[in-house]
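**Q** What shape does this take:
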Amino acid sequence: MRKILLPVIIVSATLLIIARLFYLQILDDSYIKKADNNAIKIKYDYPERGYIYDRHGKLMVANQPSYDIMVTPREMKDLDTVALCNLLHIDRAYFEKRLEKANVYSPRLPSIFLPQLSKKEFAAFQEKIRRFKGFDIVKRSLRDYQINAGANVFGYIQQVNDAIIKRDHYYKSGDLIGRQGVEEVYEDILRGTKGVKYVQKDRFNREIGSFKEGIYDTIAVQGKDITLTIDAELQKYGEALMFEKRGGIVALEPETGEILALVTAPSYDPALLVGRERSKNYTALYNDSLSKPLFDRGLLAEYAPGSPFKILTGLIGLQEEVIDENSTFVCHHGFSYGRGAFMRCHDSGANRLHEGIYKSCNTYFGSAFKLIIDKYPKAEYGVNAWSSHLKSFGLGDFLGYDLPPGRKGLVPTSKFYKRFYPNGGWSGSTIISNSIGQGEVLMTPIQLANMIATVANRGYYYTPHVIKKIKGQNIDKKFTTKHVTTIDRQYYEPVVNGLFDVYNMGTASRLRVEGIEICGKTGTAENFAKIGGVRKQLDDHSIFVAFAPRENPKIAIAVFVENGYWGARWAGPIASLMIEKYLKGEAKTQKAREEYIMKNGLKATYDKYLSGEPFLINQGR
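**A** Model prediction:
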């Protein structure tokens, strides 16, 4: 046994070595694909990004050719630096800075030297490129925007940084990647696949042809086209209506959750972030700390929802059976609660749910909220029941839409209040401002739009999304999954009736649109800010939510106009115009209103804050 053990070990080891050598030399081709292989030069062929269309098939984002000059420091020989700088219209400092960066990245690999040449610049350099060894030209595609709206929806593309390259080995120096908007979310789909060519080099580092006759080469695959749910005309229209205003508009199709328009104001022309001026333009936009054009207010701004929140207070009161549609509360221009506390109201008299909604009575909903909380033996139980209902509408959390930015808003629970009242002593009266959307509760415009879409559907919603179709691929199933609220369907109809009469005899009666049955709710939210370290009350925010038509609704909308005073002054008219534009193709019956909204804004109000003038505080409903 011992005589054969040693020969067996030797033979086995030999076979393993031979097998490994065979695999490495014959079967395994990974060594040729290594970027630092001296005998092989890798060249990439960059595909066009996928096109982006609106819901009607209108092209919104296409491509335009761009040319980048790449440098491989190790291949540079006998370089006439002065001639190169003169040809490219760059100075010596720029040349040295880019060359240093290229060496840091890799002396053996190409990296970007001068990006995004124009056709004229490309032609001039192409003629003399043989004089500049180590330099090469790579053709890429930049975005070509067919509309000057929707920048926050599209996002932009930029060069990858070192962190991205380390994290994802697909990307190399000089590659482009989507940032923000659908460009970021659908990057893997839009970018396509780079083509790769392996070029054989001799010992003098000269190219001598394709490696192994190109059997390892691959061709570039163009990115997939995508169709968005956005209505391009409605998006442009919404941005025009937000002339010299700050805020957001979100319009949804209730039966699908498709986002029809996602407007943030102020915005910017998406073409500003294309080309060699991209970096300078981005810096200017980023540093605009007053207008914040890069801040998507439709998704990121958290506001007190104001009176539209009364819709939820009413629904929860019905579900908790502390009120019914005939429950009546008497208002004396306000609601008295606690120890001499008073919540002012513009209304007076006895109101049922119906009148409470269209008159926007604070007393009605303050009373209903107190009954909800006081129904339970402890206030903390009541608050948790109340917040649980709210969360079933998608509030207090990320909605899960397919855009990168977002905020949760705030739906307070008993845990939240225990931090402020560790020894107890709080009750429904303590937090009564929540009843009218002026307490601790916060919502983003897209959450408010989703809420009114849920009411339009009488109790369910689909996750809001901007993707409608991906060529050759299905969209995520989560966008076709129904979410049902904790409020029974039967309780929505009396609330919808009240919202309908907001337009007929209530706070939005002057905003009626001929031929369209609109259900809506005005809102005014108090607004505080720290200015010079002092907390001051500024002009109220103007808020409006609506859906139309009343039956089988096709559009639900939320409008926030910062410092726009009361809801029917700015937000309400904008909502009515957007609804008619979408349903009829144009605002035929509101031409005078349309002209006024598009030509007038709140610049004087915003300038007033900067100048330190006394603040005008407006109260509304």
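**Q** Would you mind checking which helix or strand in the chain has the lowest mean pLDDT?
**A** The least trusted helix or strand in the chain, going by mean pLDDT, DSSP states H and E, turns out to be helix 2-22, with a mean of 67.
**Q** Show me what counts as buried in the following helix or strand past that helix.
**A** Downstream of helix 2-22, the first helix or strand assigned by DSSP states H and E is strand 40-45. By 16 or more other C-beta atoms under 10 Å, the buried positions in strand 40-45 come out as I40, K41, I42, Y44, D45. To be clear about C-beta, it is placed using only N, CA and C from the backbone, and glycine gets the same treatment.
**Q** Neighbouring strands - and their directions - for strand 40-45?
**A** In its sheet, strand 40-45 lies beside strand 195-201 (antiparallel), with partners assigned from DSSP bridges.
**Q** Closest to A301 out of the buried residues of strand 40-45?
**A** Y44 (40.8 Å; C-beta to C-beta).
**Q** Nearest residue to the closest one in space, please, no chain neighbours.
**A** In space, and not counting its chain neighbours, Y44 is closest to K194: 4.9 Å by C-beta to C-beta, 6 or more residues apart in numbering.
**Q** Now do the one you found against G498, distance only.
**A** In this view, K194 and G498 are 58 Å apart by C-beta to C-beta, to the nearest Å.
**Q** When the two are compared, which one has more neighbours?
**A** Neighbours per residue, other C-beta atoms under 10 Å: of K194 and G498, the larger number sits with G498, 25 against 17.
**Q** returning to that earlier point: for the residue nearest to Y44, give me its contacts.
**A** By C-beta atoms under 8 Å, 6 or more residues apart in numbering, the contact list for K194 reads Y44, D45, Y46, P47, Y170, A220.
**Q** residue boundaries of the helices in the stretch 201-350 of the chain?
**A** Listed in chain order, the helices of the stretch 201-350 of the chain (DSSP state H, counting those that start in this stretch) span 232-241, 278-286, 297-300, 310-319.
**Q** contacts for the shortest one?
**A** Same thing as helix 297-300. Here helix 297-300 has contacts from 152, 246-250, 262-265, 401, 403, 405-407, 444-446, 560, 562, using C-beta under 8 Å, 6+ apart.
**Q** swap the cut-off to 10 Å and go again
**A** Helix 297-300 is contacted from outside by 152-153, 238, 242, 246-251, 259, 261-267, 292, 303, 398-399, 401, 403-407, 444-447, 449, 464, 558, 560, 562, using C-beta atoms under 10 Å, 6 or more residues apart in numbering.
**Q** Not counting its neighbours along the chain, what's nearest D488?
**A** Q319 (6.4 Å).
**Q** could you measure that neighbour against Y417, distance?
**A** Applying C-beta to C-beta to Q319 and Y417 gives a distance of 22 Å.
**Q** Closest to Q159 out of the contacts of K194?
**A** Nearest to Q159 out of those is Y46 (C-beta to C-beta; 12.5 Å).
**Q** what are the phi and psi values for the closest one?
**A** Main-chain torsions, Y46, degrees, to the nearest 10: phi -90, psi 130.
**Q** Enumerate every residue touching it.
**A** Taking C-beta under 10 Å, 6+ apart as the test, what Y46 contacts is 66, 68, 138-141, 174-176, 191-195, 220.
**Q** Just confirm Y461 is within a strand.
**A** Yes. The assignment for Y461 is a strand, going by DSSP: H, G, I helix; E, B strand; the rest coil.
**Q** which regions of the chain sit below the pLDDT cut-off?
**A** Counting by pLDDT under 70, the chain shows low-confidence ranges at 1-3, 5-8, 11, 18-38, 202-207, 209, 213, 338-340, 528-537, 610-621.
**Q** Helix or strand for the residue nearest to T313 when sequence neighbours are not counted, just tell me which one.
**A** With sequence-adjacent residues excluded and distances taken as C-beta to C-beta, 6+ apart, T313 is closest to F365, at 4.6 Å. Counting by DSSP H and E, the element that carries F365 is helix 362-374.
**Q** Buried residues of that helix, list them for me.
**A** Buried residues in helix 362-374, counting neighbours by 16+ other C-beta under 10 Å, are found at N362, T363, Y364, F365, G366, S367, A368, F369, K370, L371, I372, I373.
**Q** before we move on, what about stretch 228-243?
**A** Buried, per 16+ other C-beta under 10 Å, within stretch 228-243: 228-239, 241-242.
**Q** do the same with stretch 98-115
**A** R98, L99, A102, Y105, S106, L109, P110, S111, I112, F113, L114, P115.
**Q** Doesn't the third one belong to a helix?
**A** Yes. Note on A102: a helix contains this position according to three-state DSSP.
**Q** Ramachandran coordinates for the nearest residue to it once chain neighbours are set aside?
**A** Nearest residue to A102 in three dimensions, chain neighbours excluded: S111, at 4.6 Å (C-beta to C-beta, 6+ apart). For S111, the backbone dihedrals (degrees, to the nearest 10) come out as phi -140, psi 160.
**Q** Which one of the helices of the stretch 201-350 of the chain lies nearest to K599?
**A** When those are ranked by proximity to K599 (C-beta to C-beta), helix 232-241 comes first, at 10.1 Å.
**Q** Just the CA coordinates for the closest one, please, in PDB.
**A** This file holds the C-alpha atoms of helix 232-241, laid out as PDB (Å, rounded to 0.1, in the frame of the first residue of the first chain):
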ATOM      1  CA  ALA A 232     -46.100  66.600 -22.100                       C
ATOM      2  CA  GLU A 233     -48.600  69.400 -22.900                       C
ATOM      3  CA  LEU A 234     -50.100  69.300 -19.300                       C
ATOM      4  CA  GLN A 235     -46.600  69.400 -17.800                       C
ATOM      5  CA  LYS A 236     -45.600  72.500 -19.900                       C
ATOM      6  CA  TYR A 237     -48.900  74.100 -19.100                       C
ATOM      7  CA  GLY A 238     -48.500  73.600 -15.400                       C
ATOM      8  CA  GLU A 239     -45.000  75.100 -15.400                       C
ATOM      9  CA  ALA A 240     -46.400  78.100 -17.300                       C
ATOM     10  CA  LEU A 241     -49.100  78.600 -14.700                       C
END
